[in-house]
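K.L.:
The following block contains a protein sequence and its predicted model.
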Amino acid sequence: MRIFRYLKQDPDRGIVYTRPKLIHENGIFTPEGPLLNGSADSSFADAPSKKSTLGQVYWFLGALIDWKSKTSTRVLDSSTDADCCSLVMFGKENSWLRDLLKELGIFMVNKPTPVQEDNTAAIALSGQGPTKRSRHYDISFYKFKEQVELKEMALEYVNTHENPADFFTKPLARTKFEYFRGIIMGGDLLQRHFLPQEVK
């Protein structure tokens, strides 16, 4: 019912896709910023099952194209374990998106996909491999580590209060909800694109 009330009070809000900014160099137009980028995050030990919620979001040329929220299949031992699982999930979709872009031949993906992540331990593990405290991690952990080594993904630290994927992992206070909604869907004025012309 809360979701229906929210939709009823904001019927004019939606995602607006705008043209990417292009840079003209040597007679070639290239997009400003990364071709494909995203953000991954997780909650830890959600009640009552104590499983974690994994969240991720993807942008293509700055436009929102995909997002996911999923409960982990097992109880995870730490927030680092949870974030590694979120990165594994992100990596699977990242591989598919990169292959799709290559298949279409519209753009060749030749740079790593920048991924915002707020867990420094998970970022460190992507480079150094398992440690004594992480040796119990699921074998799928090695898949995301391999993607980092193959330069298909590049993890970038972002403060936990600035990580857009947090939007998909837990209930948020109103101000934080509206802040992340603005990042994901575009600024408030862009989201109000669907207002009747005379009201704008």
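P.N.:
Perfect, thanks for sending it.

K.L.:
tell me what the longest helix anywhere in the chain is packed against?
P.N.:
Using DSSP state H, we find that the single longest helix of the chain is helix 79-104. For helix 79-104, the packing partners by 3 or more C-beta pairs under 8 Å, 6 or more residues apart in numbering; DSSP states H and E come out as strand 36-42, strand 53-60, strand 63-71, strand 113-117, helix 120-128, helix 141-149, strand 153-157. Quick note: C-beta positions are derived from backbone N, CA and C, even for glycine.

K.L.:
report the angle between the axes of that helix and helix 120-128?
P.N.:
Helix 79-104 and helix 120-128 are oriented at 60 degrees to each other (axes from the mean of the first three to the mean of the last three C-alpha atoms, to 10 degrees).

K.L.:
what comes up buried for helix 79-104?
P.N.:
Residues of helix 79-104 classed as buried by neighbour count (16 or more other C-beta atoms under 10 Å): 79-91, 93-95, 97-98, 101.

K.L.:
Quick one: mean pLDDT over that helix.
P.N.:
Confidence for helix 79-104, expressed as mean pLDDT, is 90.

K.L.:
That one: how far from the chain's middle?
P.N.:
9 Å (C-alpha atoms, centre = their mean, to the nearest Å).

K.L.:
quick one: that helix to helix 141-149, angle?
P.N.:
Using the same axes, to 10 degrees, helix 79-104 lies at 60 degrees relative to helix 141-149.

K.L.:
between helix 79-104 and strand 53-60, how many degrees?
P.N.:
Using the same axes, to 10 degrees: helix 79-104 against strand 53-60 is 30 degrees.

K.L.:
Any idea which of the helices and strands packed on helix 79-104 gets closest to Val16?
P.N.:
strand 63-71 (9.1 Å; C-beta to C-beta).

K.L.:
for the closest one, packing partners?
P.N.:
Contacts defined by 3+ C-beta pairs under 8 Å, 6+ apart place strand 63-71 against strand 53-60, helix 79-104, helix 174-185.

K.L.:
Using a markdown table, lay out these together with distance to Ser42.
P.N.:
Formatted as a markdown table, those follow (distance: least, C-beta to C-beta, whole Å):
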| stretch | distance to Ser42 |
| --- | --- |
| strand 53-60 | 5 |
| helix 79-104 | 4 |
| helix 174-185 | 15 |
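
K.L.:
Select, out of the ones you listed, the one closest to Leu125.
P.N.:
The nearest among the helices and strands packed on strand 63-71, by C-beta to C-beta, is helix 79-104 at 6.5 Å.

K.L.:
got the angle between the closest one and strand 63-71?
P.N.:
140 degrees.

K.L.:
Just name the most buried of the helices and strands packed on helix 79-104.
P.N.:
For those, the largest average neighbour count (mean count of other C-beta atoms under 10 Å) is found in strand 36-42, namely a mean of 27.
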